[in-house]
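K.L.:
Predicted model and sequence follow; I will ask about them next.
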Amino acid sequence: MTTLLGAGGCTYYEETGITQALLSTATSRMIRHPLYKLQLRSYATSTKGHTHYFAGAPLNRLAWLRTSPAFLNAVVLSPATRWVLFSEGKPLLSTPSAGTSALARLSTQDVRLLLGPEPFFSQGRRAGEAAEGNVKELEAARVHGPPAVFLGLHEHADGTGGASRALPSSEFSAKKDAAAVVAQMHGTPYFSLDVSAVEEACVSEVLGNSEEARNGAKLEFVDGRAAMSIIDQFESGIFSVARTLVDWSARNKFCAGCGSPVYTLWAGWKHGCTSLLPWAEKSEKPCPTAKALNNYMHPRTDPVVIILTVSPDNGKILLGRNRNWPKNFYSALAGFVEPGESHEDTVERELWEEAGIKLLGLKYHSTQPWPFPANVMAGYYAIADPAEPVRTDLDNELEDARWYTREEVLAVLAHSDGAAAAKQAPKWDSGVEDTAQHEEVVIRQTQNEPPFKGPPPNAMAGVLISDWAHGRVSLSEKQDGDLV
Ligand SMILES: [Zn+2]
């Protein structure tokens, strides 16, 4: 049974103190119309193609070490280790007395009071007890204390400890001794910690005593979407995996197989059913997760297609307005991939359902992880005939959909209010309305407002629109240098 810190949490963990010795080292498949063949010119920013905000995977996740308690318990105590904290889905940001805000990265010593007694992973029945033997249900399990996830290692290829992307530059065999692996690490191991269930006064005390706070920084939990306009590209890659994992555990508290509470194992990357714990009362009919593969015990990622529809002459794009969006806000069409569909099927269906138009051609652009809460956005250019009447009455999701010329779109992009700031963008890509954010945008409208307002540049729709408007999308026949 998962036991979270509650009242008196601070007192409870004072027993262990922070004096314990820290380790000294530590297909593109094209739906082809006979007349049109969509091709993208190469605008790649890396060997993998376009690297979006939230993407880039800056950490070597060392997934094969998630099941190693020896490794995990050692790396927690490394002085290099850093923790990103969340409360109710909100990341902890740090604003130094002089400087810009960033994701707070606290040391193990900073958060030690919150972690509970050792061992941190592969815990036994009572706090402070280690799991006995090789019980797979307790493999790197954390059944006491706030949920923690091992996110991976940021390897400093440039030796600066900064925002370099180095994945993977080292090998750490699962067959190596855990202490040797930790000793060989050069970089920053990252964990997430969800303190939502920890007493607020206790969290405040821990944050107030952290090194960053003592150096004058202001530590504050900030809305995740607002954080998008603050944290940089490197941090966004850490934030996206951390927030999705934190959200997954926070909102999936019961076993989908039998309804018992769940706990995390594999360093936060898997759920286990408490009915199967060694000390649980055995029932006549064991939970089905005891046998076979059960994908619902692993984190989910839901695919969404983001569709920018382009005219065959490449001169216009179709943008839609959801009836729940702020006034005058237009964006690419979008929809969740439904069971039994390929991405291409979803694009074709959504175009028809939302705008009543038929798909003539399709080209993949890129994908973007989107941690609100657990999506991967797949960007496509679709081609359709602007002479066809647009109709929004089929699924009645859009209030309006219309074609815009390149000049109109460029004017919006050039306007200071044209692209919504991340914190103001509605949840157009999650299908969820956010009234508070809408109101903010409406209030900001002025007489000098642009012809329409579009999505922020760090979201897939904003990238698709910008790339098209600036001529980085070609509808001509395949040319040398094209991605496909
Ligand atoms: Zn179960």
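P.N.:
Cool, the structure landed.

K.L.:
what's the nearest residue to Gly128 if we skip its chain neighbours?
P.N.:
Closest residue to Gly128 apart from its sequence neighbours, by C-beta to C-beta, 6 or more residues apart in numbering: Pro117 at 3.9 Å. Where C-beta positions appear, they are placed from N, C-alpha and C, glycine not excepted.

K.L.:
I misspoke; the intended subject was Pro96.
P.N.:
Nearest in space to Pro96, with sequence neighbours left out and distances taken as C-beta to C-beta, 6+ apart, is Ala217 at 4.6 Å.

K.L.:
Ala242 too?
P.N.:
Ser192 (4.0 Å).

K.L.:
From what I see, Gly49 and Ser366 are in contact.
P.N.:
Yes - contact status for Gly49 versus Ser366: in contact at 5.4 Å, counting by C-beta atoms under 8 Å.

K.L.:
How about the residues of this protein by the ion?
P.N.:
Cys255, Gly257, Cys258, Ser260, Cys273, Cys287 (C-beta under 5 Å from the ion).

K.L.:
Can you get me a residue count around the fifth one?
P.N.:
If you count neighbours by other C-beta atoms under 10 Å, Cys273 ends up with 25.

K.L.:
what do you get for the last one?
P.N.:
For Cys287, the number of neighbouring residues by other C-beta under 10 Å comes to 20.

K.L.:
I figured it hits Cys273, correct?
P.N.:
Yes - between Cys287 and Cys273 a contact is recorded at 4.6 Å, counting by C-beta under 8 Å.

K.L.:
Mind listing the shared neighbours of these two?
P.N.:
Cys255, Gly257, Cys258, Ser260 (C-beta atoms under 8 Å, 6 or more residues apart in numbering).

K.L.:
Rebuild the residues you listed as a markdown table, extending it with neighbour count, secondary structure and distance to Val222.
P.N.:
Output for those, formatted as a markdown table (neighbours: other C-beta atoms under 10 Å; DSSP: H, G, I helix; E, B strand; the rest coil; distance: C-beta to C-beta, whole Å):
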| residue | neighbour count | secondary structure | distance to Val222 |
| --- | --- | --- | --- |
| Cys255 | 22 | coil | 33 |
| Gly257 | 19 | coil | 36 |
| Cys258 | 17 | coil | 38 |
| Ser260 | 19 | coil | 35 |
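
K.L.:
Spatially, which two of the residues you listed are the most separated?
P.N.:
Gly257 and Ser260 (8.4 Å; C-beta to C-beta).

K.L.:
Quick check: neighbours shared by the two?
P.N.:
Cys273, Cys287.

K.L.:
Could you list the buried residues of stretch 90-103?
P.N.:
Lys90, Pro91, Leu92, Leu93, Ser94, Thr95, Ser101, Ala102, Leu103 (16 or more other C-beta atoms under 10 Å).

K.L.:
ok, now which ones touch Leu410?
P.N.:
Leu410 sits in contact with Ala469, His470, where contact means C-beta under 8 Å, 6+ apart.

K.L.:
make it 10 Å
P.N.:
Tyr404, Gly418, Ser466, Ala469, His470, Gly471 (C-beta atoms under 10 Å, 6 or more residues apart in numbering).

K.L.:
Now do the host helix or strand of it, average pLDDT.
P.N.:
Assigned by DSSP states H and E, Leu410 belongs to helix 406-414. On average, the pLDDT along helix 406-414 is 93.

K.L.:
Can you mark which positions in that helix are buried?
P.N.:
Glu408, Val409, Leu410, Ala411, Val412, Leu413.

K.L.:
Also stretch 392-401?
P.N.:
Applying 16+ other C-beta under 10 Å to stretch 392-401 flags Thr392, Glu397, Leu398, Ala401 as buried.

K.L.:
Looking at those residues, point me to the pair that's furthest apart.
P.N.:
Taking C-beta to C-beta, no two of the buried residues of stretch 392-401 sit farther apart than Glu397 and Ala401, at 9.9 Å.

K.L.:
joint contacts of those two?
P.N.:
Common neighbours of Glu397 and Ala401 (C-beta under 10 Å, 6+ apart) are Gly320, Asn322, Leu333, Glu354, Ala355.

K.L.:
just checking, the fourth one touches Thr392?
P.N.:
Yes - proximity of Glu354 to Thr392 meets the contact threshold set by C-beta atoms under 10 Å, at 6.8 Å.

K.L.:
shared neighbours of the two, anything?
P.N.:
Gly320, Leu398, Ala401.

K.L.:
Got the confidence number for the first one?
P.N.:
I take that to be Gly320. Gly320 is given a pLDDT of 96.

K.L.:
SS state for it?
P.N.:
The three-state assignment at Gly320 reads strand, by DSSP: H, G, I helix; E, B strand; the rest coil.

K.L.:
show me what contacts the closest residue in space to it that isn't next to it in sequence?
P.N.:
Spatial nearest neighbour of Gly320, chain neighbours left out: Ala401 (4.0 Å); criterion: C-beta to C-beta, 6+ apart. Residues near Ala401 by C-beta under 10 Å, 6+ apart: 309, 318-322, 330, 333, 351, 354-357, 390-392.

K.L.:
Quick check, Ala130 in contact with His144.
P.N.:
No - if you go by C-beta under 10 Å, Ala130 and His144 don't touch, sitting 11.5 Å apart.

K.L.:
Of all residues in the stretch 1-150 of the chain, which one is closest to the ion?
P.N.:
Relative to the ion, the nearest point of the stretch 1-150 of the chain is Glu137 (11.1 Å; C-beta to the ion).

K.L.:
Wait, that residue touches Leu277, no?
P.N.:
Yes - if you go by C-beta under 10 Å, Glu137 and Leu277 touch, sitting 5.8 Å apart.

K.L.:
Give the residues shared as contacts by these two.
P.N.:
Common neighbours of Glu137 and Leu277 (C-beta under 10 Å, 6+ apart) are Ala131, Val143, Tyr263.

K.L.:
Model confidence score at the first one, please.
P.N.:
On the pLDDT scale, Ala131 is placed at 95.

K.L.:
ok, now which ones touch the closest residue to the ion within the stretch 351-484 of the chain?
P.N.:
Per C-beta to the ion, Ala374 is where the stretch 351-484 of the chain lies closest to the ion, at 21.3 Å. Ala374 is in contact with Ser240, Arg243, Thr244, Leu245, Asp247, Trp248, Arg251, Pro299, Arg300, Thr301, Asp302, Ser430, counting by C-beta under 10 Å, 6+ apart.
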